[in-house]
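S.K.: dropping a prediction and its sequence here:
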Amino acid sequence: MPQITVNGKKHKVAAAPDTPLLYVLRNELDLHGPKFGCGLGQCGACTVHLDGDQVRSCSVPVSAAAGKAVTTLEGLGGEYAKARSVAVLESHLHPLQQSFIDEQAAQCGYCTNGMIMAAAALLAKTPQPTDGDIREALADNLCRCGSHLRILRAIKSAAKHMA
Amino acid sequence: MTASGFPNSRVIGHDVARVEDEALIRGVGRFVDDIVLPGMLHVAFVRSPHAHAAILGIDPSGALGMPGVHAVLTLADLAPHLTDTRLVVAMPSPSYRQQLHRPVLADREVVHVGEPIAAVLADSRYLAEDAAALVDVDYDVLPVVADCVAALEPGSPTAHRDASSNLVAEMTVEYGDVAAAFAAAPHRFRERLWIHRGGSHSMECRGLVAVHDVLEDRLTVWSSTQMPHAAHRLLCDIMGLGERQIRVVTPDVGGGFGPKLIFYPEDVVVAVAARLLGRPVKWIEDRREHFVATTQERDQYWDVELATDDAGRVLGVRGLLVHDHGAWTARGVNVPQGAVAAMPLAYVVPAYSMAIKAAATNKVPVTPVRGAGQPQGVFAMERLLDSAARALGLDRAEIRRRNLVPAERMPYATPMRTRGGIPVVLDSGDYPRCQQMALDRADWAGFTARQQAARAEGRYIGIGLANYVEGTGRGPYEHVSVRIEPSGRIFVATGAAAMGQSTQTMLAQIVAEQLGADMSNIRVVTGDTAAAPLGIGGSNSRQAVLAGNSAHAAAIRVRERVLEAASQMLEVAAADLEIEGQRVRLKGAEEVGLTLSQVARAAAGQAGFSLPGQAGPGLAASEELVIDAMSYANGSAVVEVEVDIGTGAITIRNLVFAHDCGRALHPRIVDGQLMGGIAHGIGNALYEFMAYDENAQPVTTTLAEYLLVTATEMPPVTILHMESPTPLNPLGIKGVGEAGVIPIGAAVASAVEHALSSFGVRVNRLPLSPVDLLGLLNAATA
């Protein structure tokens, strides 16, 4: 029975070890931030962090998450606050989440999880990305509402706030 | 952008924060797959692997033997519980030559890959999928119709074995004396065009959860649909149940884009299964299913002719459109009809005759995708105008300027009628000025110099443009009720359905404008048949126009009731009162007032005491403002491209979109809707292609093969606004949900052709992949 750590909490998982992490997060742990979009790692809606790296949780077996820290959208704000040794923000929102609201970067909101998680992974490694860096980081994240340019603006704005 | 359209407003016309965002950004929105009920069973469908085959037998025993499998349902199992085994959903039209109502599940014949045959219900989706693979269907493969043009040739096999032909519908949209116009015209231009559009690919696929409450004998169905009220009616009809026995709820919807307005076989199966098995039932479509079972748009072949005078003025347009209808009539003939209706709309076209033939093929049924045929119609018209400009030595913008419906002729009554028989009257706007705005911003006049400079560097750049006029706000009405509850909270319910286009924000804004301007005090429920007795739903860029104006009218009535009741309670004139936040107060003496809660409680009454005011109990109003005539929005897109003649790659360097949707209720939402359409249009122009092989087997069934636009491809986009309020509704608004997509393909084609004009390349097709482009180049230079 795999044991995984998600958003700082340890969980015993009933699912078979080869079960995609996405299904464990959604069905066993009731974490609905990551979304099912394609099941093949092609759209990005299911993105989570594994030890800080973005992964497509629909294509990663839960066994691969054993011994690593899984972060989902629900835990992103808290983790950010903790890493900066500040009290958890009252809103629990990561600066990216706030900038997505401010820039109105979501329409239907279904791809948003992946966009924010991919951007958070980028900003953790490249705090002041260029436009090209951001586009490159989101090259495999699909959005049918066509919010791409606002998402780029939101990420730039968050980078500025986080500096 | 300022709220110029609503000069004295506090909320509408302003870019207020979206009420939807907080939950969505935290990941705590509720999409249908987020609904989890105790004891829930999961469905996997057995689907046809063949484009056309007879079903000789279905043997579920292998699946039924698996632990955790509760049932395998075929049409024979469902039929005793249905009033009809077919989905009769075709919109009325005299054009049908055969009725193709699709079955709830296929039982004797399958007519496209992906058609559902049986449903497996199991404890988990995993088990259900594994069991579905064990359902043994005995097929006898039949001849296949893979192309809509070939489908209409004599001797073609038929998509349905018992059909005498593949002609599903035919009609001619015409007015004026086209034959005379062409006979007398000094110039004629002909184009043969192929235009392909693909699927919707909302990031959330379709899905349903159904649960039957035995105590209340009520089936609740959560569905990711654009049309919950239509689904409700169709479920009641086909299950033979009363309206109170079914409730359809639309939770958060992860994008609609057209195909979610359709009523599907899966909708019936899940609903019936929940009643039959007495357990909650869930089905979530996977992406491959979305490719093979969710409706799409596809191929249209246009053979069109334009007649002009020496000055390039249009004298007539005529032609034939052959349309791939797919295997069933899942909605109607509205896609080709919409295409043909859109084609001449921006221009003064004195005589017009377009014939439509819709052909059955062994492919997924065709129904509207964002734009609903209009991009294709605009493509056909704009290609003809480019052709005429080239031959007549006119600038492409100039020939359009000469033919656009001029502002001084507004309202301009065209001789056309909508599919519902309502006259098409262009209500307002200044199309030539809108085009000029786009040209100026894109520096159309300075392009020749840019092009020469690029050519000197060996680069091929081009510029193109296209105009559109879109009928928006299709009536007749949308229901909205507004109620101030005893708590002072304002509750708004509507038949409009939200699918990511900020519908709740839009309605909250309109209601807030009248009732205190406090958005946080308003709760909007969209897409719940228990909350709104009537509704039509999300399509035709209609919800802001219809629901928005009903909300406006209802909120004004509630405001009057509040002021009247408070006036009696405070013993002051109603005209001296105002609503601010959650209070009604005396203008100029703000300490004198009542809370909305106090007024609502008084208006709710107490036994034996008189009500305040004369208007009866409660602070509520509901409206279904009837607006039959459509309001016509317009716009112009100018696109600058660079073509790599070595690789065939097309890069959009700049895109300017000038448009007029009347007053903007929320300029930022308007921009967001337009951007979505523009991105979709870029995808249709350059990347998206739903490919089938010659056996009608789909070959692009993943998002790695079917390409959507990503951040990497999005060009710089400038959106410019004109505001010509329509006189057709009190708010003066026109729809905008589909506008962005309409002219993009045509403008890209124009720009690509311009970039390669030195090679004589003619663009007569979309999409244009690099391989396609190299093919056009080779053909032109051969």
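M.R.: Cool, got the structure. Numbers count the residues shown, from 1 in each chain, chains lettered A, B, ... in the order given.
S.K.: wait, residue B:74 sits on residue B:60?
M.R.: Yes: at 7.3 Å, residue B:74 and residue B:60 qualify as touching, with contact defined as C-beta atoms under 8 Å. All C-beta spots, glycine's among them, are computed from the backbone N, C-alpha and C.
S.K.: which residues do the two both contact?
M.R.: Common neighbours of residue B:74 and residue B:60, using C-beta atoms under 8 Å, 6 or more residues apart in numbering or on different chains, are residue B:118.
S.K.: helices or strands up against the longest helix seen in chain B?
M.R.: Looking across chain B with DSSP state H, the single longest helix is helix B:543-570. With contacts taken as 3 or more C-beta pairs under 8 Å, 6 or more residues apart in numbering or on different chains; DSSP states H and E, helix B:543-570 sits against strand B:480-484, strand B:490-494, helix B:503-514, strand B:577-580, strand B:583-586, strand B:589-595, helix B:596-604, strand B:620-623.
S.K.: each with direction, which strands does the first one pair with?
M.R.: It refers to strand B:480-484. strand B:490-494 (antiparallel), strand B:620-623 (antiparallel) (DSSP bridges).
S.K.: tell me the domain boundaries of chain A?
M.R.: In terms of domains, chain A is parsed into A:3-73, A:90-162 (source: automatic domain parsing).
S.K.: which of the ones you listed sits most buried?
M.R.: Greatest average neighbour count among the domains of chain A goes to domain A:90-162 (a mean of 22), per mean count of other C-beta atoms under 10 Å in any protein chain shown.
S.K.: mind checking if that one is in reach of chain B?
M.R.: Yes: judged by C-beta under 8 Å from any C-beta of the partner chain, domain A:90-162 comes into contact with chain B at A:92-93, A:97, A:100-101, A:104, A:106-113, A:116, A:134-136, A:138-152.
S.K.: if we can go back for a sec, okay if I get the domains of chain A as a markdown table plus mean pLDDT?
M.R.: Shown next, in a markdown table, are these (pLDDT from 0 to 100):
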| stretch | mean pLDDT |
| --- | --- |
| domain A:3-73 | 96 |
| domain A:90-162 | 95 |
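S.K.: could I get the ones you listed as a markdown table with distance to residue B:325?
M.R.: Below are those laid out as a markdown table (distance: least, C-beta to C-beta, whole Å):
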| stretch | distance to residue B:325 |
| --- | --- |
| domain A:3-73 | 28 |
| domain A:90-162 | 24 |
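S.K.: would you check that residue B:147 makes contact with residue B:363?
M.R.: No: at 9.5 Å, residue B:147 and residue B:363 do not qualify as touching, with contact defined as C-beta under 8 Å.
S.K.: these two: who's more crowded?
M.R.: residue B:363 (30 against 20; other C-beta atoms under 10 Å in any protein chain shown).
S.K.: tell me the secondary structure for the more buried one?
M.R.: Classification of residue B:363 using DSSP: H, G, I helix; E, B strand; the rest coil returns coil.
S.K.: now do the contacts for it.
M.R.: Counted by C-beta under 8 Å, 6+ apart, residue B:363 has contacts B:51, B:112-113, B:146, B:298, B:324, B:326-327, B:692, B:696, B:698.
S.K.: give me the phi and psi for it.
M.R.: Note on residue B:363: its backbone torsions stand at phi -140, psi 170 [degrees, to the nearest 10].
S.K.: also residue A:20?
M.R.: Torsion angles at residue A:20 (phi, psi; degrees, to the nearest 10) stand at phi -60, psi 140.
S.K.: so it touches residue A:63, yeah?
M.R.: No: counting by C-beta under 8 Å, residue A:20 does not reach residue A:63; the two are 10.6 Å apart.
S.K.: what strand or helix carries the residue positioned nearest the centre of chain A?
M.R.: The residue lying closest to the centre of chain A (C-alpha atoms, centre = their mean) is residue A:117, at 2.5 Å. Element membership for residue A:117 (DSSP states H and E) is helix A:112-125.
S.K.: please save the CA atoms from whichever helix or strand comes after that helix in PDB.
M.R.: Note on helix A:112-125: by DSSP H and E, the next helix or strand toward the C-terminus is helix A:131-137. Taking Å, rounded to 0.1, in the frame of the first residue of the first chain, the C-alpha atoms of helix A:131-137 are listed here in PDB:
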ATOM      1  CA  ASP A 131       8.200  36.400 -22.300                       C
ATOM      2  CA  GLY A 132       9.900  33.600 -24.200                       C
ATOM      3  CA  ASP A 133      10.600  31.700 -21.000                       C
ATOM      4  CA  ILE A 134       7.000  31.800 -20.000                       C
ATOM      5  CA  ARG A 135       5.700  30.900 -23.500                       C
ATOM      6  CA  GLU A 136       8.100  28.000 -23.500                       C
ATOM      7  CA  ALA A 137       7.000  26.800 -20.100                       C
END
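S.K.: so for stretch B:286-305, mean pLDDT?
M.R.: Stretch B:286-305 carries an average pLDDT of 98.
S.K.: let me redo that: stretch B:496-510
M.R.: For stretch B:496-510, mean pLDDT is 94.
S.K.: span of that stretch from start to end?
M.R.: In terms of C-alpha to C-alpha, to the nearest Å, the two terminal residues of stretch B:496-510 are separated by 14 Å.
S.K.: one step back: need the strands paired with strand B:480-484 in CSV with mean neighbour count, can you?
M.R.: Output for the strands paired with strand B:480-484, formatted as CSV (neighbours: other C-beta atoms under 10 Å in any protein chain shown):
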stretch, mean neighbour count
strand B:490-494, 25
strand B:620-623, 20
